[in-house]
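Participant: Prediction below, plus the sequence it came from.
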Amino acid sequence: MELTRKQFEKIEHLFPKPRGTLDIEHYDAMRAILYVAENGCKWRKLPKEYGNWHTIYTRMNRWSKSGVLDRIFEALQKEQLIKVSVMVVSLDSTCVKVHPDGTGALKKLENSPLEKHEEVGTPSFIWLPRMTGRL
């Protein structure tokens, strides 16, 4: 999924007009986005030859939210510059251990000492002051 200058010129009109001075050209940013899409690497692991990963990520995020990337990938497929099915897949394997009380589990009432208070008598695990008849 390497994009050449000649191929980029066919879709260059789809990119937004730059605001101010660009540290990384749209061509280089698009090549970096294609690299991450093809290799599935983390943004921080983007090779230095593409530029600062955070700048490219921020630009990709902005383009994604504004619909620029959708138009670009449609044009790339229409021009047959890339032959990739663009789909969204997200996986998260985060596991969080929750205390049983937090999961909505029913409490075990059969072993509760307060259940049969009359039969058992005074609970042995609570200290109660006892009044004696002597004063």
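Facilitator: Received the coordinates, thanks. All of these numbers come straight from a predicted model, not from anything done at the bench.
Participant: Can you get me a residue count around Ala29?
Facilitator: The burial count assigned to Ala29 is 22, neighbours taken as other C-beta atoms under 10 Å. For every residue, glycine as well, the C-beta is placed using N, CA and C.
Participant: contacting residues around it?
Facilitator: Applying C-beta atoms under 8 Å, 6 or more residues apart in numbering, one finds that Ala29 lies in contact with Gly51, Thr55, Ile56, Arg59, Met60.
Participant: wait, doesn't the third one sit right on Trp43?
Facilitator: Yes: under the criterion of C-beta atoms under 8 Å, Ile56 lies in contact with Trp43, with a separation of 7.4 Å.
Participant: The two - which one has more neighbours?
Facilitator: Here Ile56 and Trp43 are set side by side on neighbour count (other C-beta under 10 Å), and the busier one is Ile56, at 23 against 13.
Participant: Quickly note the distance from the more buried one to Ile33.
Facilitator: 7 Å (C-beta to C-beta, to the nearest Å).
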